[in-house]
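Enquirer: This is a predicted model, with the sequence first.
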Amino acid sequence: MSNISVRWLGVGNLVIAFLAFFALGGCDRSKTVGDGAPITIFSASDRLVLAKVNGDSVTVRDFKRRYDVEKAIYRRNNGRNKAADQLERNVSVFMGKRAKLILPEIINQRLISQYLSNEKVVTTTESQAEYLKTCLTRMNFKTGGIKAAAEELGVDEKYLEDQLLVPFRLESARNHFGGGPFSVTEEEIDEGLARQDRYYEMAIASNAVTYATCSNVLRMVTAEGLDFKEAGLKFGQYETEDAEKWDRLEYKEIENREMRDWAFKAPVGSIGGPFDLDDGLSIVKILDRNDGTIEDSMASDGVADVTLARITFYLVVPEPEPRTREFVKGALFDWKVEQAQKGLFGKLHGEMKLEYPNGTNFVFAIERKGVSK
């Protein structure tokens, strides 16, 4: 299905493989011991304790080492074909966002390590080495192993290896918590297919009504002259005071080709649709337009853009999932893993003693130079 990229949705960074490994869930800050004076992380002493996880200290040095590894990998993976100043701006923006998430993720890493130790879960060096090899290959470090990767990134070899093994430890802890490696039976696949078929049939029937309703509203605002705002308030399926007004969209930002062609050809004030977008069907009104070039705004002063308003009708299943045994098997497996992980972290967070000896008034804005070894 066609979709539309709009500025108010934000433009997310591509999640590089390494960083995705650290998404282990959030931490409870309710056990904070006072706020204290502001702590500027990048200028604080490496020995300063930021948090204690069941008595295990997380220091500024721990934070900086993790920050340096992420920064080095982001710069490597995003530095191709970019001017140095542009790359540094991108790095600064990305790491500014990441800095706020690093401490809670380190806390979760400590919880996992403590859990494995307390439960006496042992993993073989061979299985760890195999995982590490696969991980480096995915990151396009295809030769030279961990030593070459650390040298290229300019970070400590042992620490890089430790961080790359985080998801391996998580999987081990999750499997232990769940009673062993996860699997899906043929009976479970049969049940999943039956549920999916029932949901699909319900969705098709519901969407048929949505299409009919949308077409009927379009007729009322075009042929019968119903006010667009009134129609949005009466029929729009969103919680706003008015038919939703989009920000100004450049030509290239409208990915739905049919809607893009119409928005830049029809007279201002025109109402068109329904257009099938990511978040449902939309009846669209052209509020204003600049008929400039279709080039990127960074390269042209006279870029073409348009301001639109819409009435949106949600679809139950915008894009039905494949109804195959393989798909259902994968979905069920992922669901089991997700439930086990939620249970694991629920247990660990519920039992942990989390302290912030110097408060939680952390400042991440000032970046230090160089990297820690």
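Expert: Here it is on my side, so go on. Please read these numbers as outputs of a predicted model, since none were measured by experiment.
Enquirer: Compute the number of surrounding residues for residue 213.
Expert: Residue 213 is flanked by 15 other residues according to other Cβ atoms under 10 Å. For every residue, glycine as well, the C-beta is placed using N, CA and C.
Enquirer: Likewise for residue 289?
Expert: Residue 289: 19 neighbours (other Cβ under 10 Å).
Enquirer: ok, the nearest residue to it once chain neighbours are set aside - how many residues close by?
Expert: Nearest residue to residue 289 in three dimensions, chain neighbours excluded: residue 306, at 4.4 Å (Cβ to Cβ, 6 or more residues apart in numbering). Residue 306 is flanked by 23 other residues according to other Cβ under 10 Å.
Enquirer: any residues touching stretch 322-339, and which ones?
Expert: With Cβ atoms under 8 Å, 6 or more residues apart in numbering as the test, stretch 322-339 has contacts from 174, 178, 182-184, 188-189, 192-193, 196-197, 200, 321.
Enquirer: In strands, which of those fall?
Expert: Judged by DSSP state E, the contacts of stretch 322-339 include no members of strands.
Enquirer: How about residues contacting the helix or strand containing residue 129?
Expert: Element membership of residue 129 [criterion: DSSP states H and E] is helix 125-138. Helix 125-138 is contacted from outside by 17, 21, 142, 145-146, 149, 161, 164-165, 168, using Cβ under 8 Å, 6+ apart.
Enquirer: With distance to residue 45 and pLDDT added, can I get the contacts of stretch 322-339 in JSON lines?
Expert: Below are these laid out as JSON lines (distance: Cβ to Cβ, whole Å; pLDDT from 0 to 100):
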{"residue": "174", "distance to residue 45": "36", "pLDDT": "95"}
{"residue": "178", "distance to residue 45": "41", "pLDDT": "92"}
{"residue": "182", "distance to residue 45": "44", "pLDDT": "92"}
{"residue": "183", "distance to residue 45": "49", "pLDDT": "94"}
{"residue": "184", "distance to residue 45": "50", "pLDDT": "95"}
{"residue": "188", "distance to residue 45": "54", "pLDDT": "96"}
{"residue": "189", "distance to residue 45": "56", "pLDDT": "95"}
{"residue": "192", "distance to residue 45": "54", "pLDDT": "91"}
{"residue": "193", "distance to residue 45": "59", "pLDDT": "91"}
{"residue": "196", "distance to residue 45": "56", "pLDDT": "86"}
{"residue": "197", "distance to residue 45": "61", "pLDDT": "86"}
{"residue": "200", "distance to residue 45": "59", "pLDDT": "85"}
{"residue": "321", "distance to residue 45": "52", "pLDDT": "71"}
